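[1] Need a 3D model of the following:
(4 chains)
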2 protein chains.
Amino acid sequence: MQFLESTAMTPVPSPAPSTGNDRGRGFSPRTLPEQVAEELGAEIVAGRRKSGERLVELELAKGFGVSRGPIREAIRILERRRLVEVLPRRGAYVRPLSLKSVADLFNVRTALSLLAARTMASSPVESYVETLARRCDDLDELVAHGDPISFAQITTRAVRAIANGSGNGLLLELSTDLANQTVWTTIWKEPLDYLTLEVRRTTADLMRKTLDAIRRSDPDAAVANLGRLLDDDRDRALATLSAIRRQTPLANEADGS
Amino acid sequence: MQFLESTAMTPVPSPAPSTGNDRGRGFSPRTLPEQVAEELGAEIVAGRRKSGERLVELELAKGFGVSRGPIREAIRILERRRLVEVLPRRGAYVRPLSLKSVADLFNVRTALSLLAARTMASSPVESYVETLARRCDDLDELVAHGDPISFAQITTRAVRAIANGSGNGLLLELSTDLANQTVWTTIWKEPLDYLTLEVRRTTADLMRKTLDAIRRSDPDAAVANLGRLLDDDRDRALATLSAIRRQTPLANEADGS
DNA sequence: AGAATGTCAATTGTCAACAATTGACATGAT
DNA sequence: ATCATGTCAATTGTTGACAATTGACATTCT
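    Predicted coordinates:
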């Protein structure tokens, strides 16, 4: 439901919706590797798989009741989504996220979202603007009714609506991946307590101002408002995370040119 | 392993014996799928694989002298690098790039690069600044000596140096992938003619101004200069591309909610 | 004739077995 | 004792075969 289709193109073959297979038991949405990736990814997101934990193919295969082939591909899918890290001959691990990595993540997400806001404001498309307006309404409604999780989800969807409204397929694709990981890092433990009534009010307000700016084709205002919203969100999330865990795993870096 | 010998659908009797294990010799720097991905990716970049061309696993397997497993994983790697697109049960295709996709690509790259410039300017690290300075020197030198390809390459490396200098690992990773695809789209045909002496002079100048801004910790100036450089580059590249191909079946966009 | 349906080759998805590599432990030399 | 070397179990890389699905062609019915 929240998986994208990317920029679609069909060279020669004619499109035809396919029905998933029905092996195993339970669901039948998509191919086996995708199902495994979704389930395993959910486990990682939910924290059932600890950061840095090794993922042994055979174990997973037995656990999911499939052979190693689909497991292997699922791992690659999760690698693409930056949820796992694969070392050439040494196995796959749940990608550890240092505090800095999370900050990096938020910053990139913000940069992309601001590009989206600017683009969308430059030439707003009615249907997409309406979608965003609906999200704003949802947010307003959720300000009062406490439910930090729902509020965070809708906020994410609003940002996603902006990414979608930009008409930039690549941007939407990247934003979705990053949003998934963002959700992961924030939902991971039990934060979201920082979403106080006041914070929610401000967030909903900024989102609506962004919407208004887009409506009147004012890119700078849209960027300014959304930028403040996202920066505030980042700061709060980081503060909460750094308070929760004092010790952080390691990250990565490297490469010279 | 005898890579680089397969054409599209020409089932030449492959000299590979059933259990022909001719890759045991020497050392394997990387895994098989990565090697295949690199080679196949190079073919796509070089234009030997046409846009939208279907990639049949068995054909590739015979061509590369390996079985379908590694080919399959190689395709996923290329999918991750956005060079191919995989349709669930219908096969993999060389990802076609419409003019709009290229524009999207450039815009995202710019957004990320500007974030990098801003971050780097906020807290410049001497060694990274020096690397960028070296690239600027290279550019200055290449302004006179006409060699559009080298100039474009160094420009890319300079942008990459900024991404690296930001200290944001995720940003660097994404930028690298996008840069690869950017190079692909521009080098693809024989453009680069737009890199006139005047353009090169301006580019080198803007890059140095960016460097100076970073040196004096002036994020706004850095963003302004690099932004103009990249926007101009995008405009020129797009103009050239749209001029080059008038008669190409264009792709299209589609999006999900 | 035209549309619906059945059949079939081509191709992708999946599996289980085989081969190669890694890291650790044990053994032995200095 | 410490370090080097050899062996071994665990795990990943690779393969070929089998099953399922797709799209197209052929057939049949109205």
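
[2] Longest helix of chain A, counting residues only.
    When every helix of chain A is counted residue by residue (DSSP state H), the longest turns out to be helix A:219-244.

[3] Could you give me the buried positions within that one?
    A:219, A:221-227, A:229-230, A:233-234, A:236-238, A:240-241 (16 or more other CB atoms under 10 Å in any protein chain shown). For glycine as for every other residue, the C-beta is placed from the backbone atoms N, C-alpha and C.

[4] Over to stretch A:111-124?
    For stretch A:111-124, a neighbour-count test (16+ other CB under 10 Å) marks A:A111, A:L112, A:S113, A:L114, A:L115, A:A116, A:A117, A:R118, A:T119, A:M120, A:A121, A:P124 as buried.

[5] how about that stretch, does it reach chain B?
    Yes - Stretch A:111-124 lies in contact with chain B when judged by CB under 8 Å from any CB of the partner chain; the contacting residues are A:A111, A:L112, A:L114, A:L115, A:T119.

[6] ok, so of those residues, who is nearest A:E173?
    Distance from A:E173 was checked for each of the residues of stretch A:111-124 next to chain B by CB to CB. The minimum falls on A:L112, at 10.2 Å.

[7] Quick one: distance of the helix or strand where that closest one lies to the chain centre.
    According to DSSP states H and E, A:L112 maps onto helix A:99-122. Going by CA atoms, centre = their mean, to the nearest Å, the spacing between the C-alpha centre of helix A:99-122 and its chain's C-alpha centre is 12 Å.

[8] Stretch A:221-239 too?
    That offset, for stretch A:221-239, works out to 16 Å (CA atoms, centre = their mean).

[9] Get me the contact residues on the stretch 51-200 of chain A for DNA strand D.
    Within the stretch 51-200 of chain A, the positions near DNA strand D by CB under 7 Å from any atom of the strand are A:54-58, A:68-69, A:72, A:88-92.

[10] 6 Å - rerun?
    Residues of the stretch 51-200 of chain A lying close to DNA strand D by CB under 6 Å from any atom of the strand are A:V56, A:E57, A:L58, A:R68, A:P88, A:R89, A:G91.

[11] tell me which parts of the stretch 1-150 of chain A are close to DNA strand C?
    If contact is defined as CB under 6 Å from any atom of the strand, the residues of the stretch 1-150 of chain A in contact with DNA strand C are A:T31, A:L32, A:P33, A:V66, A:S67, A:R68, A:G69, A:P70, A:R89, A:R90.

[12] Turn those into TSV, including pLDDT and neighbour count.
    Below are those laid out as TSV (pLDDT from 0 to 100; neighbours: other CB atoms under 10 Å in any protein chain shown):
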residue	pLDDT	neighbour count
A:T31	79	16
A:L32	86	19
A:P33	89	19
A:V66	92	18
A:S67	93	13
A:R68	92	13
A:G69	91	14
A:P70	92	19
A:R89	88	6
A:R90	90	8
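
[13] Tell me which residues touch A:D212, please.
    Residues touching A:D212, when contacts are defined by CB atoms under 8 Å, 6 or more residues apart in numbering or on different chains, comprise A:A221.

[14] What's the separation between it and A:A133?
    Distance of A:D212 to A:A133, computed by CB to CB, to the nearest Å: 10 Å.

[15] List the buried residues for the next helix-or-strand element following the helix holding A:L112?
    Under the assignment DSSP H and E, the closest C-terminal helix or strand after helix A:99-122 is helix A:126-144. Judged by neighbour count using 16+ other CB under 10 Å, the buried positions of helix A:126-144 are A:Y128, A:V129, A:T131, A:L132, A:A133, A:R135, A:C136, A:D138, A:L139, A:L142, A:V143.

[16] between the residues you listed, which is nearest chain B?
    Checking the buried residues of helix A:126-144 against chain B by CB to the nearest CB gives A:T131 as the nearest, at 8.0 Å.

[17] Could you report the separation of A:A152 from chain B?
    19 Å (CB to the nearest CB, to the nearest Å).

[18] Please name every helix or strand in contact with the strand or helix carrying that residue.
    Here A:A152 is covered by helix A:148-165, with elements defined by DSSP H and E. In terms of contacts (3 or more CB pairs under 8 Å, 6 or more residues apart in numbering or on different chains; DSSP states H and E), helix A:148-165 is packed against helix A:99-122, helix A:126-144, helix A:169-187, helix A:197-215, helix A:219-244.

[19] does the least confident helix or strand in chain A by mean pLDDT come close to chain B?
    For chain A, using mean pLDDT, DSSP states H and E, the weakest element among its helices and strands is helix A:169-187, scoring a mean of 81. Yes - part of helix A:169-187 sits near chain B under the criterion CB under 8 Å from any CB, namely A:G169, A:L170, A:L171, A:L172, A:L174.

[20] And the buried ones among these, selectable in ChimeraX?
    ChimeraX command restricting those to the buried ones, with burial defined by 16+ other CB under 10 Å:
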select /A:169,170,171,172,174
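
[21] for the residues of helix A:169-187 next to chain B, which one is nearest B:A103?
    When these are compared for distance to B:A103 (CB to CB), A:L170 comes out closest, at 9.9 Å.

[22] Just confirm that closest one contacts B:S101, I think it does.
    Yes - with contact defined as CB atoms under 8 Å, A:L170 counts as touching B:S101 (7.1 Å).

[23] Low-confidence stretches in the stretch 101-250 of chain A?
    Within the stretch 101-250 of chain A, the segments meeting pLDDT under 70 span A:146, A:184-192, A:244-250.

[24] can we see that at 50?
    Scanning the stretch 101-250 of chain A with the threshold set as pLDDT under 50 gives A:246-250.

[25] Grab the CA positions of stretch A:51-69 and hand them over as CSV.
    Included here for stretch A:51-69 are C-alpha records, laid out as CSV according to Å, rounded to 0.1, in the frame of the first residue of the first chain:
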residue,chain,number,x,y,z
SER,A,51,20.5,-3.4,15.7
GLY,A,52,23.6,-5.2,14.4
GLU,A,53,22.0,-8.6,14.7
ARG,A,54,23.2,-11.1,12.2
LEU,A,55,20.8,-12.5,9.7
VAL,A,56,21.6,-16.1,8.9
GLU,A,57,20.0,-17.2,5.6
LEU,A,58,19.2,-20.8,6.6
GLU,A,59,17.6,-19.7,9.9
LEU,A,60,15.4,-17.2,8.1
ALA,A,61,14.6,-19.8,5.4
LYS,A,62,13.4,-22.2,8.0
GLY,A,63,11.6,-19.5,9.9
PHE,A,64,9.7,-18.3,6.9
GLY,A,65,9.2,-21.7,5.4
VAL,A,66,10.9,-21.0,2.2
SER,A,67,14.2,-21.9,0.7
ARG,A,68,17.3,-19.7,0.7
GLY,A,69,16.8,-18.2,-2.7
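
[26] For it, which residues meet the burial criterion?
    A:S51, A:L55, A:E57, A:L60, A:A61, A:F64, A:V66.

[27] Next, the contact list for the closest residue in space to A:G165 that isn't next to it in sequence, please.
    Of all residues not flanking A:G165 in the chain, A:Y128 sits nearest, at 3.4 Å (CB to CB, 6 or more residues apart in numbering or on different chains). Under the criterion of CB under 8 Å, 6+ apart, the contact partners of A:Y128 comprise A:M120, A:A161, A:N164, A:G165, A:G167.

[28] Between all of those residues, which two are at the greatest distance?
    The most widely separated members of these are A:A161 and A:G167, with 12.3 Å between them, by CB to CB.
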